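In: sharing a sequence plus its predicted fold:
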Amino acid sequence: MTSRAVVLVSIAAMLLLAGCERGEQRPVPSPDDMQRRGEALVAVVQCLVDSDVIPKSELSTRSWLVDGRIQPDAAFTTWVASHADTVYRGKTLQVWEDEATAGWPRWRCPL
């Protein structure tokens, strides 16, 4: 498994745990589901960054944004977990992620 895949699986696992802390009941995803969710999540945040939906002030000091591209790391996972309920263009980040995951790998940024 590549280091990127390991990061994506870690992101998905942390998001799953964050959902459990909020009292949500979700089925335990398979490793393939976790990888798909992680890849979709990175694509969603990249979409929001590229479309200037996330304020630049929010992004200016993020270690996971390198030359305008998402480079998932532990800080990215923390940021995502703390912004799951933040609304971007009428949908929470969690809803964006769920929709992208459902359509992955054919999901494309609608913005």
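Out: On my side now, so go ahead. Residues are numbered from 1 along each chain as shown.

In: quick one: the strands in this structure, in order.
Out: Secondary structure of the chain (DSSP state E): strands located at 65-66, 69-70, 87-88, 91-92.

In: find the centremost residue of the chain, please.
Out: For the chain, the residue sitting closest to the mean C-alpha position, by Cα atoms, centre = their mean, is Leu41 at 2.9 Å.

In: ok, which stretches of this structure are helices?
Out: For the chain, the helices defined by DSSP state H cover 3-21, 31-50, 56-59, 74-83, 93-103.

In: for the second one, name the packing helices and strands.
Out: Secondary structure elements in contact with helix 31-50, counted by 3 or more Cβ pairs under 8 Å, 6 or more residues apart in numbering; DSSP states H and E, are helix 3-21, strand 69-70, helix 74-83, helix 93-103. C-beta here means a position set from N, CA and C on the backbone, and glycine is covered the same way.

In: let's see 10 Å
Out: helix 3-21, helix 56-59, strand 65-66, strand 69-70, helix 74-83, strand 87-88, helix 93-103 (3 or more Cβ pairs under 10 Å, 6 or more residues apart in numbering; DSSP states H and E).

In: what do you get for the last one?
Out: For helix 93-103, the packing partners by 3+ Cβ pairs under 10 Å, 6+ apart come out as helix 3-21, helix 31-50, helix 74-83, strand 87-88, strand 91-92.

In: circling back: and of the helices of the chain, who's closest to Leu65?
Out: helix 56-59 (5.4 Å; Cβ to Cβ).

In: average model confidence for the closest one?
Out: For helix 56-59, the mean pLDDT works out to 93.

In: contacts for that helix next, please.
Out: By Cβ atoms under 10 Å, 6 or more residues apart in numbering, the surrounding residues in contact with helix 56-59 are Val45, Leu48, Val49, Asp52, Leu65, Gly68, Trp79, His83, Thr86.

In: ditto for stretch 88-107
Out: 12, 15, 18-19, 22, 24, 29, 33, 35-45, 47-48, 51, 53-54, 79-87, 108-111.
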